[in-house]
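In: no letters, just coordinates:
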């Protein structure tokens, strides 16, 4: 098994292909990740909202999301998206980190976090933050990777839904 973590493509055609891979991974991952936490309707609402092709493209173009893709034997299996100097937190924020269920527990998530940490340090950031659903098993994954709970927030996302999250972080 050959694992690489690579930055998002730089050229237009490559970015379009990466965005499609990110969408496919999200749609394959979310039902398994959130089935015990969110209703099927909320999962579909959030996928349509967070992973619309146009929205992802705007986030990439505005540098609100810098993606790294995890590939196993040349096939995309996961991704992380972060933002340097997040305006609300003044840190590097991980916005998204997902792996196909078949690839979880193999150390690939740790490689993605390490890649974001490295990028944050290179940008002279002092801390790394993220939000995670309070009931998500990923809380333990983030703790094992050096992040601690630093707060909580409930975010109204429309459609009658909220995100009930822990804010987790670490110094760099």
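Out: Now that the structure is in, tell me what you want to look at. On a predicted model such as this, the values are computed, not experimentally measured, just so you know. Numbering: from 1, shown residues only.
In: check which helix or strand the residue nearest to residue 146 when sequence neighbours are not counted maps to.
Out: Spatial nearest neighbour of residue 146, excluding adjacent residues (C-beta to C-beta, 6 or more residues apart in numbering): residue 170 at 5.0 Å. To be clear about C-beta, it is placed using only N, CA and C from the backbone, and glycine gets the same treatment. According to DSSP states H and E, residue 170 maps onto strand 161-171.
In: hmm, who's touching that strand?
Out: 42, 45-46, 91, 126-135, 139, 142-143, 146-157 (C-beta atoms under 8 Å, 6 or more residues apart in numbering).
In: give me the buried subset of these.
Out: With neighbours counted using 16 or more other C-beta atoms under 10 Å, the contacts of strand 161-171 contain these buried positions: 42, 45-46, 91, 127-133, 139, 142, 147.
In: for residue 95, helix, strand, or coil?
Out: strand (DSSP: H, G, I helix; E, B strand; the rest coil).
In: check what pLDDT it gets.
Out: In this model, residue 95 is scored at 97, pLDDT.
In: ok, it touching residue 82?
Out: Yes - applying C-beta atoms under 8 Å, one finds residue 95 in contact with residue 82, separated by 6.5 Å.
In: more neighbours, these two?
Out: residue 82 (28 against 17; other C-beta atoms under 10 Å).
In: and the more buried one, how close does it get to residue 110?
Out: Residue 82 is 15 Å from residue 110, where distance means C-beta to C-beta, to the nearest Å.
In: strand partners (parallel or antiparallel) of the strand holding residue 170?
Out: Strand pairing for strand 161-171, using DSSP bridges, gives strand 127-133 (antiparallel), strand 148-158 (antiparallel).
In: save these as TSV, and put in distance to residue 86 and mean pLDDT too.
Out: Below are those laid out as TSV (distance: least, C-beta to C-beta, whole Å; pLDDT from 0 to 100):
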stretch	distance to residue 86	mean pLDDT
strand 127-133	7	97
strand 148-158	14	97
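In: redo those as TSV? Include distance to residue 64.
Out: Converted to TSV, the strands paired with strand 161-171 look like this (distance: least, C-beta to C-beta, whole Å):
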stretch	distance to residue 64
strand 127-133	15
strand 148-158	16
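In: buried sites along the host helix or strand of residue 115?
Out: Using DSSP H and E, the element containing residue 115 is helix 108-122. For helix 108-122, a neighbour-count test (16+ other C-beta under 10 Å) marks 108-109, 111-113, 115-117, 119-120 as buried.
In: pretty sure residue 30 sits against residue 49.
Out: No - counting by C-beta under 8 Å, residue 30 sits too far from residue 49 to count as a contact (11.7 Å).
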